[in-house]
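Chemist: Okay, sequence plus prediction incoming.
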Amino acid sequence: MKHWHETAAILDRVTHLAAAGVPAAIADEVDARLDPDGFLHFRFDKQEAYAESLQVASDSDAIDVRVKLIAYPANPEETRRVARSILPGAR
């Protein structure tokens, strides 16, 4: 990111996700949502997103999201630890 407005836009999106309760909604399923490459997977409901409300989807008509988690050392246990540290209520 070379420009401050790009950074501000990303921070705004992250804040919006947190306000919508997305981290709390996926915290209980963190192990199932992490793949071996360190990506955290979740889906948003398309209709709710169109209405500018972010809700974790439970059906197949969804927007797929994957977030790469950076962990050192890069192994599954450390990636799970990182995911739990950023998701409130994760076990």
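Modeler: That came through fine. Residues are numbered from 1 along each chain as shown.

Chemist: can you list the weak-confidence ranges in the protein?
Modeler: 1-20, 89-91 (pLDDT under 70).

Chemist: Repeat the analysis, applying 50 as the threshold.
Modeler: The chain contains residues with pLDDT under 50 at 1.

Chemist: mind listing the helices for the chain?
Modeler: Ranges of helices within the chain are 4-19, 22-27, 30-33, 46-50, 76-86, based on DSSP state H.

Chemist: So Glu29 versus Ala71, what's the distance?
Modeler: Per CB to CB, to the nearest Å, Glu29 is found 19 Å from Ala71. Just so you know, the C-beta spots here come from the backbone N, C-alpha and C atoms, and that holds for glycine as well.

Chemist: I should have written Gln47 there, sorry.
Modeler: For Gln47 relative to Ala71 (CB to CB), the value is 34 Å.

Chemist: More neighbours: the two, which one.
Modeler: Neighbour count, other CB atoms under 10 Å: between Gln47 and Ala71, Ala71 has more, with 16 against 13.

Chemist: Now for the more buried one: which residues touch it?
Modeler: 38, 78-79, 81-82 (CB atoms under 8 Å, 6 or more residues apart in numbering).

Chemist: Same question for Ala62.
Modeler: 43-46.

Chemist: Output these in a markdown table; the columns should cover neighbour count.
Modeler: Output for those, formatted as a markdown table (neighbours: other CB atoms under 10 Å):
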| residue | neighbour count |
| --- | --- |
| Arg43 | 19 |
| Phe44 | 19 |
| Asp45 | 18 |
| Lys46 | 13 |
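
Chemist: I'd guessed Arg33 sits against Ala25; true?
Modeler: No - look at Arg33 against Ala25 with CB atoms under 8 Å: they stay out of range, at 10.6 Å.
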